[in-house]
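In: Would you be able to build a 3D model of this:
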Amino acid sequence: MRKDVFEERHPYGPAVGRLVGCLSGLPGIGRKSAERLAHHLLHCPADDALALASAIQDVRSSVHACKNCFNLTEGDVCGICRDSRRDPAVVCVVEQPRDLLAIEASGAFPGVYHVLGGRISPLSGVGPDDLTIDALVSRVRRQNVRELVMATNPTLEGDGTALFISNLLAGDSVRITRLARGIASGSVLEFANKEMLADAMRGRQSF
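Out: Numbering: from 1, shown residues only. Here you go, the predicted structure:
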């Protein structure tokens, strides 16, 4: 990204303007919040500000997709895939890593995950080839997956993605289930509470 994309004119000079512009480009951060964060970084101990910059640099250089499930990890395989207490024959399919974190917080799922990297959205130019669907189908067949829990978001596009995957695996022996509709249609997993997710996971049903 060019450095001038978020650059703004600022009374304190171009360096502060760039910082405010970059901060205001973050999700949920408006102009006023960006100004407050910039002032904090200007007045906090230099070591704290540099530690933040170093953490951002480290996470960008060391975090990548798990080779097995496409969750975020610093190694070749994520901690969940390496956990011998997990049932590798039960795979929960989610759109994004943050959805995985939301389900993990419920403490109700004993299996492993597969992160699609999004959902099929023709209007946004996202098709099946842009997601990890082929890798999921191969994984189901290669690892003798017993159950596939479709935990895509309960939206039109999320349901369409789940239906597309279930059609691809219609001739396989894997059982395909989905989260019970304890989660309201149109909502997003990231913002569901633990109890709602736990009830939905325990009450999953055939797709």
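In: okay, CA-based contacts and neighbour counts for the rest of this
Out: OK.
In: So for the longest strand seen in the chain, mean pLDDT?
Out: Using DSSP state E, we find that the single longest strand of the chain is strand 87-94. Mean pLDDT, strand 87-94: 97.
In: Same question for the next helix or strand along the chain from that strand: list its buried residues.
Out: Next helix or strand after strand 87-94 toward the C-terminus (DSSP states H and E): helix 97-106. For helix 97-106, a neighbour-count test (16 or more other CA atoms under 10 Å) marks 97-100, 102-104, 106 as buried.
In: Could you do stretch 124-142 as well?
Out: The neighbour-count check on stretch 124-142 (16+ other CA under 10 Å) flags 128, 131-133, 136-137, 139-140 as buried.
In: what's the answer for stretch 80-91, then?
Out: Within stretch 80-91, the residues that qualify as buried are 80-81, 88-91, counting by 16+ other CA under 10 Å.
In: sorry, back to before: could I get the buried residues of stretch 124-142 in a markdown table, plus columns for distance to Met150 and secondary structure?
Out: Putting those into a markdown table (distance: CA to CA, whole Å; DSSP: H, G, I helix; E, B strand; the rest coil) gives the following:
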| residue | distance to Met150 | secondary structure |
| --- | --- | --- |
| Pro128 | 16 | helix |
| Leu131 | 15 | coil |
| Thr132 | 14 | coil |
| Ile133 | 12 | helix |
| Leu136 | 12 | helix |
| Val137 | 13 | helix |
| Arg139 | 15 | helix |
| Val140 | 13 | helix |
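In: and which of the residues you listed is nearest Thr73?
Out: Of all these, Thr132 has the smallest distance to Thr73: 16.3 Å, by CA to CA.
In: quick one: the strands in the chain?
Out: 64-65, 72-73, 87-94, 111-115, 147-150, 175-178, 205-206.
In: ok, and what's touching stretch 157-172?
Out: For stretch 157-172, contacts defined as CA atoms under 8 Å, 6 or more residues apart in numbering pick out 119-121, 133, 137, 141, 150, 152-153, 176, 207.
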